[in-house]
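>>> Provided below for reference: sequence and predicted model.
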Amino acid sequence: MVFSSHLFLFYFLPLALGLYYACQGAGPRVRNLVLIASGYAFYGWAEPIFMFLMFLTTMTDWLASLVIARKTLKLWNFRKIEVSYLERGGGRSSLQKWALLISVGMNVGSLGFFKYFNFGVANYNALMRNLGIESWQWNTFFEVILPLGISFYTFQAISYTVDVYRGEARAMGNFLDFSCFVSMFPHLVAGPILKFSFLAKQIESRTLTSRKFVRGVSFFCLGFSKKILLANPCGKISDLSFQAGALPPIEAWYGAIAYAFQIYFDFSAYSDMAIGLGLMLGFLFAKNFDSPYRAVSITDFWRRWHISLSSWLRDYLYIPLGGNRLGGARTYLNLMLVMLVGGLWHGASWNFVIWGGMHGGMLALERWKAEQALIERLPRVMRILLTFLLVTISWVFFRTKDLSSGVTYLGSMFGLVPSIPASGLVAGITLSPYYLGSFLLAVAVTWLCPQTWDWTRHIGLLKAISILLLFWLSILVMTGQTYNPFIYFLF
Amino acid sequence: MTKVRMEREEAALRELGVTRAGARVRWLLILGFLLTIIMVPILQAWKEWRLAR
């Protein structure tokens, strides 16, 4: 189910909100139960079978966390032992280490199997074919289907057991509370990736106020408008351009920049809607985007883009690998490794690895050159522009399906590849007033408008009317749109 | 995660729950939103029923 669909907006959401608020007086645990039920219904709508996978993951992580917190395998004694924070930096028994290993291993294992099995088999078979030993190829009789949002909820589940192990969070004694953290529908399938230590208190007790609800409505309506009015038309421009393959340079750049806007407005809109829904339900979620295209360097870009993923990678991968504490060469290697994992996290394709490698390389280069770099001496506007261009070039590999189409499209951006004869037809559609207008609006919103986070801090009558008008306009446009994908749903 | 960073992020989260908006504006937004998501399917069903007749 997608947030910007009729089914979610006009049926699921009113029902879920109605049930949730009907249980307002019944206490947080009953409200958590409503959230779990609505989360499973939301998740299982397309593929009910994967609800069992989510349940199994949740149960294993919960049991592992209790073993870590209570230092015993005697499940029947769990009720007698009070769950408390473990000592930070203190020693851990082998039982606790094993419990952590099982939990992390199961999450990484299920993510690896569902996400990379087909990719691994295809690459192995290609290698065998190239080596001329076709008889060694593995012909699987099945294709693994990717469960929705598995990349997001497994990362969240890992953060839970690791936080408990490190002593940064207290294990949840009640299974329903933990299940609520995993299956809460606002962040379930496309993030933000919430760290358990920030949500733990809110799951046990939270307040429902009209101030939270009204800010939630504002976030949701603005996110919905960004998705319908900006991301979708920009997506159409980029789809037509990338499907054409090779275009004249200006049109190829237009298509690539349109994709940069599509992915930004698509994902930041989803995050805004998730934050908004969280607020309506009384939760406070962390910021996921901080005007990333206003970044002055690639390092700055990663502080602003998909903040929940980059901080997850920093806390659970970069720092445990040694971060920047082990000297220059090791820091560059760690940066590269983290970005390669980050790239591969997005999907099983070599293009994502290239995209991650490009960003890892640029981050390492920036750190190596630091203040002596030429870019540091440029005016701020030029630095923003240069960063945006580098990011846009890297998006080409993110967008294309394979390496050769990525190279062809990049070649057409620099005039190195002859354009297809039908390029005039593509331009006829992508440069029509509706699409060009949406593109220019995206430019204005990206660099001139305040963020949703700041704009909704104070809401007067004019803002309230604007928010509602934008919401109604977006609903009208949505009813006429047949094109409504969500890029990050695929991850 | 360092304690300072944790506190900074928690403070940013607390700020999210606060909005400066008058009571009338709050109710306008809440009612406008809720009525929209409730009334649209009802109006759609009514329109289809009218067309079917």
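Arrived safely, thanks for sending.
>>> residues of whichever strand or helix holds A:Gly360 that come out buried?
A:Gly360 belongs to helix A:350-369 when assigned by DSSP states H and E. For helix A:350-369, burial by neighbour count (16 or more other Cβ atoms under 10 Å in any protein chain shown) applies to A:350-364, A:366-367. Backbone N, C-alpha and C define where each C-beta goes, glycine included.
>>> Point out where chain B drops to low pLDDT.
Low-confidence segments of chain B (pLDDT under 70): B:1-6, B:9-10, B:12-14, B:17.
>>> which one in it is furthest away from the centre?
B:Arg53 (35.7 Å; Cα atoms, centre = their mean).
>>> That one and A:Leu194, how far apart?
In this view, B:Arg53 and A:Leu194 are 49 Å apart by Cβ to Cβ, to the nearest Å.
>>> what's the answer for A:Val217, then?
For A:Val217, the distance to A:Leu194 - Cβ to Cβ - is 21 Å.
>>> just A:Met336 next, same as before
From A:Met336 to A:Leu194 the distance is 27 Å (Cβ to Cβ).
>>> near chain B, which residues of the stretch 301-450 of chain A show up?
A:Asp315 (Cβ under 8 Å from any Cβ of the partner chain).
>>> Flag the shaky bits of the stretch 301-450 of chain A, pLDDT-wise.
For the stretch 301-450 of chain A (pLDDT under 70), the answer is A:370-375.
>>> And what about the residue in it that chain B sits nearest to, helix, strand or coil?
Nearest residue of the stretch 301-450 of chain A to chain B, counting by Cβ to the nearest Cβ: A:Asp315, 5.6 Å away. Taken by DSSP: H, G, I helix; E, B strand; the rest coil, the conformation at A:Asp315 corresponds to helix.
>>> neighbours around it, how many?
19 (other Cβ atoms under 10 Å in any protein chain shown).
>>> quick revisit: so which residues make contact with the helix holding A:Gly360?
For helix A:350-369, the surrounding residues in contact (Cβ atoms under 8 Å, 6 or more residues apart in numbering or on different chains) are A:297-299, A:302, A:324, A:328, A:331-332, A:335-346, A:373, A:390, A:393-395, A:397-398, A:400-403, A:406.
>>> interface residues of the stretch 51-200 of chain A facing chain B?
Near chain B, when you scan the stretch 51-200 of chain A using Cβ under 8 Å from any Cβ, you find A:168, A:197-198.
>>> JSON lines for those residues, including distance to A:Ala37?
Formatted as JSON lines, those follow (distance: Cβ to Cβ, whole Å):
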{"residue": "A:Glu168", "distance to A:Ala37": "29"}
{"residue": "A:Ser197", "distance to A:Ala37": "26"}
{"residue": "A:Phe198", "distance to A:Ala37": "24"}
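>>> what about the helix holding A:Gly360, distance to the chain center?
Chain-centre distance of helix A:350-369: 19 Å, with Cα atoms, centre = their mean, to the nearest Å.
>>> Pull the number of nearby residues for the closest residue to A:Asp61 other than its chain neighbours.
In this structure, A:Asp61 finds its nearest non-sequential neighbour in A:Ala157, 4.6 Å apart by Cβ to Cβ, 6 or more residues apart in numbering or on different chains. Residues contacting A:Ala157 under the criterion other Cβ under 10 Å number 28.
>>> A:Ala157 and A:Trp312, how far apart?
12 Å.
>>> what do you get for A:Ala26?
Distance from A:Ala26 to A:Trp312, counting by Cβ to Cβ: 33 Å.
>>> higher neighbour count, those two?
Remark: of A:Ala26 and A:Trp312, A:Trp312 carries more neighbours, 23 against 11, as counted by other Cβ under 10 Å.
>>> ok, that one - contacts?
Applying Cβ under 8 Å, 6+ apart, the residues near A:Trp312 are A:155, A:159, A:193, A:195.
>>> Same question for A:Gly276.
A:Gly276 neighbours (Cβ under 8 Å, 6+ apart): A:215-223.
>>> so it is in which element?
Assigned by DSSP H and E, A:Gly276 falls in helix A:249-280.
>>> Only the buried residues of that helix, if you could.
Buried residues in helix A:249-280, counted by 16+ other Cβ under 10 Å: A:251-280.
>>> on that earlier part again, can you say which helix or strand has the residue nearest to A:Asp61 in it?
A:Ala157 is part of helix A:150-166 when elements are defined by DSSP H and E.
>>> Please save the CA atoms from that helix in PDB.
Extracted in PDB, the C-alpha atoms of helix A:150-166 (Å, rounded to 0.1, in the frame of the first residue of the first chain):
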ATOM      1  CA  ILE A 150      12.700  -5.700   4.400                       C
ATOM      2  CA  SER A 151      15.800  -3.400   4.200                       C
ATOM      3  CA  PHE A 152      14.200  -0.900   6.500                       C
ATOM      4  CA  TYR A 153      12.800  -3.100   9.200                       C
ATOM      5  CA  THR A 154      15.800  -5.400   9.500                       C
ATOM      6  CA  PHE A 155      18.100  -2.400  10.000                       C
ATOM      7  CA  GLN A 156      15.800  -1.200  12.700                       C
ATOM      8  CA  ALA A 157      15.700  -4.600  14.400                       C
ATOM      9  CA  ILE A 158      19.500  -4.700  14.300                       C
ATOM     10  CA  SER A 159      19.600  -1.300  16.000                       C
ATOM     11  CA  TYR A 160      17.400  -2.700  18.800                       C
ATOM     12  CA  THR A 161      19.600  -5.600  19.800                       C
ATOM     13  CA  VAL A 162      22.800  -3.700  19.300                       C
ATOM     14  CA  ASP A 163      21.500  -0.800  21.400                       C
ATOM     15  CA  VAL A 164      20.500  -3.200  24.200                       C
ATOM     16  CA  TYR A 165      23.900  -5.000  24.000                       C
ATOM     17  CA  ARG A 166      25.800  -1.700  24.100                       C
END
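>>> Average pLDDT for that helix, rounded please.
Averaging pLDDT along helix A:150-166 gives 88.
>>> Remind me what that helix packs against, helices and strands.
helix A:50-70, helix A:94-131, helix A:175-183, helix A:196-204, helix A:307-313, helix A:328-346 (3 or more Cβ pairs under 8 Å, 6 or more residues apart in numbering or on different chains; DSSP states H and E).
>>> quick one: the last one to helix A:94-131, angle?
Put simply, helix A:328-346 runs at 80 degrees to helix A:94-131, going by axes from the mean of the first three to the mean of the last three Cα atoms, to 10 degrees.
>>> What of the third one?
Counting by the same axes, to 10 degrees, helix A:175-183 points 30 degrees away from the direction of helix A:94-131.
>>> now swap in the fourth one and tell me
Interaxial angle, helix A:196-204 versus helix A:94-131 (the same axes, to 10 degrees): 120 degrees.
>>> other SSEs contacting helix A:196-204?
Right, helix A:196-204 is packed against helix A:28-44, helix A:150-166, helix A:175-183, helix B:3-16 by 3+ Cβ pairs under 8 Å, 6+ apart.
>>> Could the C-alpha coordinates of whichever strand or helix holds A:Ala444 be exported in CSV?
Here A:Ala444 sits within helix A:433-447, counting by DSSP H and E. Provided in CSV are the C-alpha atoms of helix A:433-447 (Å, rounded to 0.1, in the frame of the first residue of the first chain):
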residue,chain,number,x,y,z
PRO,A,433,4.2,23.4,-20.4
TYR,A,434,3.0,21.0,-17.7
TYR,A,435,6.2,19.1,-17.3
LEU,A,436,8.5,22.1,-17.8
GLY,A,437,6.4,24.1,-15.3
SER,A,438,6.6,21.2,-12.7
PHE,A,439,10.4,21.0,-13.3
LEU,A,440,10.8,24.8,-12.7
LEU,A,441,8.6,24.6,-9.6
ALA,A,442,10.9,21.8,-8.3
VAL,A,443,13.9,24.1,-8.9
ALA,A,444,12.2,26.9,-6.9
VAL,A,445,11.2,24.6,-4.1
THR,A,446,14.6,23.0,-3.9
TRP,A,447,16.6,26.2,-3.6
